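> quick one: sequence plus predicted model below, questions after.
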Number of protein chains: 4
Amino acid sequence: MKSAHASLHFREFQWPLRVYIEDTDAGGIVYYVNYLKFMERARTEFLRSMDFDHYLRSEEDFMFVVAEAQVSYRKPALMDDSLLATARIIELGRASMRFAQSITRDGSTLATGEIKVACVSKSGMKPRAIPARLVSLFQHHYGIPA
Amino acid sequence: MKSAHASLHFREFQWPLRVYIEDTDAGGIVYYVNYLKFMERARTEFLRSMDFDHYLRSEEDFMFVVAEAQVSYRKPALMDDSLLATARIIELGRASMRFAQSITRDGSTLATGEIKVACVSKSGMKPRAIPARLVSLFQHHYGIPA
Amino acid sequence: MKSAHASLHFREFQWPLRVYIEDTDAGGIVYYVNYLKFMERARTEFLRSMDFDHYLRSEEDFMFVVAEAQVSYRKPALMDDSLLATARIIELGRASMRFAQSITRDGSTLATGEIKVACVSKSGMKPRAIPARLVSLFQHHYGIPA
Amino acid sequence: MKSAHASLHFREFQWPLRVYIEDTDAGGIVYYVNYLKFMERARTEFLRSMDFDHYLRSEEDFMFVVAEAQVSYRKPALMDDSLLATARIIELGRASMRFAQSITRDGSTLATGEIKVACVSKSGMKPRAIPARLVSLFQHHYGIPA
């Protein structure tokens, strides 16, 4: 993957979570699809950590959609596990951002992923620039260049 | 439960469905919460059988929300099971309707439920009358009195 | 509902949780089915608060299944909401227990529920007595009579 | 991607499905995570079309787990949409297989994916050979070389 900002080695955001029965499947493990939910919780809390939330309910005409998702599964997570979901921006474009993410348990990596998130208008779902306010927050909190 | 229309013994609508791994949990059975999804599929297809669908995406200012749900679980459903979800209207009010529902497998009842669905405005989520077009469809297709 | 232990007015257990996009539906609100997941998280954490967890993964031949669920919905929860899920035992039988539960936001009740949980064998899903260890924990932590 | 069988251009399996409210999110579209469920339904039905099902509930010591998932999203699916999920084997290894998959609506591609599925023991989750019976079925039904 080519990065517009080759030197983006930003601080990783970490979010703890617990595995409930709702997350599991009849194989006795966490249903692999749900790792994507865990990764999204980390991205959502990463934005919230910079006071960027509630935008879906606002009048502002933007929302974020996942454009690409890639996940590699190494070890299963189990009912009652205490996990850590991580999120780190590795690319910041005008209308999209790319995250490197992981799910770990006691320091052991269970899954890794790369998620490309695109900014689109709520009306029409057309690509649009990431709001300037969020770009400023990235700069302020994480030193991510606009 | 008192019914405004004590004699509502209408035809039951039946919808077949298959259990996938997504529906199961680590107990090895269908996650009980998902029976509510199965029951909703039957209600949705019941409305679609009368050509009443796509309303959520229309400009019309109504939607349906579940106001009460009651489910009794008798036997577990399992991965790969072929099930039947049923829906039958047992009460039709001005702004709400009540369904008796079941999940069966080979004629054996796995779960039964009663679901009260309310009609609300999309804007503001306020109770409002069930659209006249739907009431007419109930009369036409099922002989349900308005 | 008649209670075998009419005077069961036990301490309520509270569990905070956040609404994520995974919990919502195209009506713009939390999908009503997911309140049952929130309520189960509270029950699971209630047991964990007494160090009763990981049993699903143990060799012990019991698990819990929901036998009856009843939920009343009053107001919708929304994306980004910070909620409180509560759980309180209102009946403790030999092989089942009944919980009164609620979902609240800023002190306002969004939904209430009553959930009957049955203890069954993992092998065969047959009803069996709630493990003595859990009954002791109820007595020790909550003063719930066996 | 390197394929052990460069010429694997097998028949595509197609499975129709309907979008229900359970599949959507507050963005008004199908929650992107759920495309992975749709793709898995197509893989499951592809196996069932060769009478290969119910193995998760059998005594045989194997199950399938997803090792890698990659999905590209092009256009959103919406409530009430009638979709087609496709699955085509593009690699068949000793202990894993790789599928090319898509979700289409009226001939228009909404999402594509590549999913690597590994065969593991139920006991211990260790990699093991795909059951000979399934390899034979692939040969018989699809001419896929072992």
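In hand now; what should we look at?
> tell me, what residue is most central in chain A?
With distances taken as Cα atoms, centre = their mean, the residue of chain A nearest its centroid is residue A:43 (3.2 Å).
> name the nearest residue to that residue, sequence neighbours excluded.
residue A:87 (4.9 Å; Cβ to Cβ, 6 or more residues apart in numbering or on different chains). C-beta: built from backbone N, CA, C; applies to glycine.
> send me the helix or strand where the residue nearest to the centre of chain A lies as CSV with only the CA atoms.
Per DSSP states H and E, residue A:43 falls inside helix A:34-48. What follows is helix A:34-48, C-alpha atoms only, in CSV (Å, rounded to 0.1, in the frame of the first residue of the first chain):
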residue,chain,number,x,y,z
ASN,A,34,-17.9,-9.2,14.8
TYR,A,35,-14.2,-8.3,14.9
LEU,A,36,-15.2,-5.6,12.4
LYS,A,37,-17.6,-4.2,14.9
PHE,A,38,-14.9,-4.2,17.6
MET,A,39,-12.6,-2.4,15.2
GLU,A,40,-15.3,0.2,14.5
ARG,A,41,-15.9,0.8,18.2
ALA,A,42,-12.2,1.7,18.5
ARG,A,43,-12.4,4.1,15.6
THR,A,44,-15.6,5.7,17.0
GLU,A,45,-14.0,6.1,20.4
PHE,A,46,-10.8,7.4,18.8
LEU,A,47,-12.9,10.2,17.3
ARG,A,48,-14.9,10.7,20.5
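> show me which residues of it are buried.
Counting neighbours by 16 or more other Cβ atoms under 10 Å in any protein chain shown, one finds that the buried residues in helix A:34-48 are A:34-47.
> ranges for the helices of chain A?
Using DSSP state H, the helices found in chain A span residues A:34-48, A:132-137.
> relative to chain C, which of the buried residues of helix A:34-48 is nearest.
Closest approach to chain C among those (Cβ to the nearest Cβ): residue A:37, at 4.6 Å.
> that older thread, partners of the residue nearest to residue A:43 in the sheet?
Taking DSSP bridges as the rule, residue A:87 bridges to residue A:13, residue A:101.
> what number of residues lie near the residue lying closest to residue A:138 once chain neighbours are set aside?
Counting by Cβ to Cβ, 6+ apart, the nearest residue to residue A:138 once its immediate chain neighbours are dropped is residue A:144, at 4.0 Å. Residue A:144 has 18 neighbours, counted by other Cβ atoms under 10 Å in any protein chain shown.
> same thing with residue A:13?
Neighbour tally, residue A:13, other Cβ under 10 Å: 21.
> next one: residue A:143
By other Cβ under 10 Å, neighbour count at residue A:143 equals 10.
> per-residue pLDDT, the nearest residue in space to it that is not next to it in sequence?
Distance criterion Cβ to Cβ, 6+ apart; nearest residue to residue A:143, sequence neighbours excluded, is residue A:10 at 7.3 Å. At residue A:10, the pLDDT value in this model is 72.
> residue D:70 is in contact with residue A:72, correct?
No: contact criterion Cβ atoms under 8 Å: residue A:72 and residue D:70 do not qualify, at 9.3 Å.
> tell me the spacing between the residue lying closest to residue A:12 once chain neighbours are set aside and residue B:84.
Among residues not flanking residue A:12 along the chain, residue A:88 sits closest, at 4.4 Å (Cβ to Cβ, 6+ apart). Residue A:88 sits 48 Å away from residue B:84, going by Cβ to Cβ, to the nearest Å.
> need the residues of chain A near chain B, please.
With the criterion set to Cβ under 8 Å from any Cβ of the partner chain, chain A comes near chain B through A:21, A:22, A:24, A:25, A:26, A:27, A:28, A:29, A:31, A:33, A:78, A:79.
> so how far is chain C from the fifth one?
When distance is defined by Cβ to the nearest Cβ, to the nearest Å, residue A:26 is 12 Å away from chain C.
> pop out the phi and psi values for that residue.
Taking degrees, to the nearest 10, you get phi -70, psi -10 for the backbone angles of residue A:26.
> pull the number of nearby residues for it.
For residue A:26, the count of nearby residues is 25 (other Cβ under 10 Å).
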